[in-house]
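Chemist: Okay, predicted coordinates and the sequence, questions at the end:
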Amino acid sequence: LLEAYAGQARLALHSLVMQELLAEQLRLAFGAEELLHLAGQQPDAPAVLREVSAGLTEMVDARVGWACVEIAAGVHAEAACHPPEAAAHLGTDICTLIEPLVAVCWRDDRTLTQDDAPLLGRLAGLVGQQEALLAAVGSGTGMWGALLVFRTTQDQPWTTPERDVVRRLGRHVGTVVGHLEGRRRDRALVEELRELDAYRRELVVSITHDLKTPLTAITLNTELLASGQRLEDTGHHPVDAIRRSALRLSGLVDDLLALARAEEGLLGAPTQGDLAVVLRDACRHAETEAQLRGITFELDAPGELVVPVDVDALSRVFVNLVANAVKFSLPGGQVRLGLRRVGDVVELTCADDGIGIPEEDQGTVFDMFSRSRDPLARGVPGNGMGLAISQRILARLGGSIDVQSVQGEGSTFTVRVPTSAPPTGAH
């Protein structure tokens, strides 16, 4: 009889334990469902992490909660902590630190505690706790990040339902973050397409204007020639005007071709080229306008500087910089050019004592179609493409261009292009 009573007692106790276990499972399941509902309403990944870290901490009766996702592998991570003051000890760098442990959680579809990995115990100590529970955040596309909750030894050990709900929550949070990231990429793509369309329209308008001006000049001067009017009565020579307009058209075509090559990455392979010759050719290209305005060149360059570069691409850069310096110089001014090789870098400086660039315009001087707000600069013909094209070409070559300018005093542009070959004549 006593054995029968003992058996009944064991059954009753087992039933009570199972009821408590079921009640805990239901509580955690409803809590996780509500948490995921709130997370799904958030606008971005950081907001999701804040919601999850706070909700998870409360749901499993933890003292500290932490959530992290890596938006782009090895590039950008977001993390959130509850309470917020614990974030001083648990930043995004923890994401990288625990990555091997998170990979185990993801691979084996399990959770880890401080008993499985001592590192988790040390992380718990950072926030004044002793026990830790880790789960992976991910979805079908792969692992995104991690969930971490902490307790003290005075709290109850992690239960099986708690470990299970944190594990499953990590999978669902990964799906939410994946959807948000997908929507973010879609919005970024739409914005990029809008910018591209605006860029295309602006390019068409700018090119149309820059084509129309020299074509009108050519048309008027050819009509003048055809009219038989005496040239000395016109005050200028139509042939010279036609030549200048043709050169302007040629320069625009060269700019467009250079832009297309730079945007498509179609720059030539490095060959041995003499940049001293390229620079002198750029000066000759601007010589006619320089002579008309009394502008002189001061050239500080070696007799030859043969390096392995894309000579055609750099020629466009040199031509643009020299032409710009002449164009924005005051009559009777001077353009100073320096060319040298410093180790594995070729450096060109192009300085003028012209009108200069206002400080507020210097941050956009390399943007496409950028034009200064200075009335003096706006009175100078141009399409705002030359410097932008030069910057794109140099970026493709692994080089750089920067500017130092004082309004009313002039500008200095510095170009640096790397080369891996030893200097000519080096042993």
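Modeler: Sure thing, it's come through. Numbering: from 1, shown residues only.
Chemist: Tell me the first helix or strand C-terminal of the lowest-mean-pLDDT helix or strand in the chain.
Modeler: In the chain, no helix or strand scores lower on mean pLDDT, DSSP states H and E than helix 375-378, which sits at a mean of 54. Note on helix 375-378: by DSSP states H and E, the next helix or strand toward the C-terminus is helix 386-396.
Chemist: Give me the buried positions along that next one.
Modeler: Of the residues in helix 386-396, 386-394, 396 count as buried by neighbour count, 16 or more other CB atoms under 10 Å. No exception for glycine: its C-beta is placed from N, CA and C like everyone else's.
Chemist: again with stretch 121-136
Modeler: In stretch 121-136, counting by 16+ other CB under 10 Å, buried: 121, 123-124, 127, 129, 131-136.
Chemist: Burial check on Leu247, number of neighbours?
Modeler: Leu247 has 14 neighbours, counted by other CB atoms under 10 Å.
Chemist: Nearest to Ile94 among the buried residues of stretch 121-136?
Modeler: Within the buried residues of stretch 121-136, proximity to Ile94 (CB to CB) peaks at Leu123, which comes in at 6.9 Å.
Chemist: Where does the closest one fall, secondary structure wise?
Modeler: Residue-wise, Leu123 maps onto helix 118-126 under DSSP H and E.
Chemist: ranges for the strands of this protein?
Modeler: Assigned by DSSP state E, the chain shows strands spanning 64-72, 76-82, 112-113, 131-139, 142-151, 271-274, 296-300, 306-309, 334-342, 345-352, 400-406, 410-418.
Chemist: mind listing the helices for the stretch 101-250 of the chain?
Modeler: 118-126, 160-227, 238-264 (DSSP state H, counting those that start in this stretch).
Chemist: Tell me which other helices or strands the second one touches.
Modeler: Using 3 or more CB pairs under 8 Å, 6 or more residues apart in numbering; DSSP states H and E as the contact criterion, the elements in contact with helix 160-227 are helix 2-40, helix 45-59, strand 64-72, strand 131-139, strand 142-151, helix 238-264.
Chemist: Could you give the separation of that helix from the chain centroid?
Modeler: 14 Å (CA atoms, centre = their mean, to the nearest Å).
Chemist: just stretch 387-401 next, same as before
Modeler: With CA atoms, centre = their mean, you get 15 Å for stretch 387-401.
Chemist: same check, this time on stretch 125-132
Modeler: Distance, centroid of stretch 125-132 to centroid of chain: 38 Å (CA atoms, centre = their mean).
Chemist: and if you look at stretch 351-366?
Modeler: 24 Å.
Chemist: ok, residues contacting it?
Modeler: For stretch 351-366, the external contacting residues (CB atoms under 8 Å, 6 or more residues apart in numbering) are 325-326, 328-330, 333-338, 370, 372-374, 376-377, 387-388, 390-391, 401, 403, 405-413.
Chemist: in the stretch 151-300 of the chain, which segments are predicted with low confidence?
Modeler: 199, 202-213, 228-237, 244, 248, 251-252, 255-271 (pLDDT under 70).
Chemist: thought Leu225 was touching Ala241?
Modeler: No - between Leu225 and Ala241 there is no contact under CB atoms under 8 Å: 10.2 Å.
Chemist: the more surrounded of the two?
Modeler: Neighbour count, other CB under 10 Å: between Leu225 and Ala241, Ala241 has more, with 18 against 15.
Chemist: Much appreciated, bye for now.
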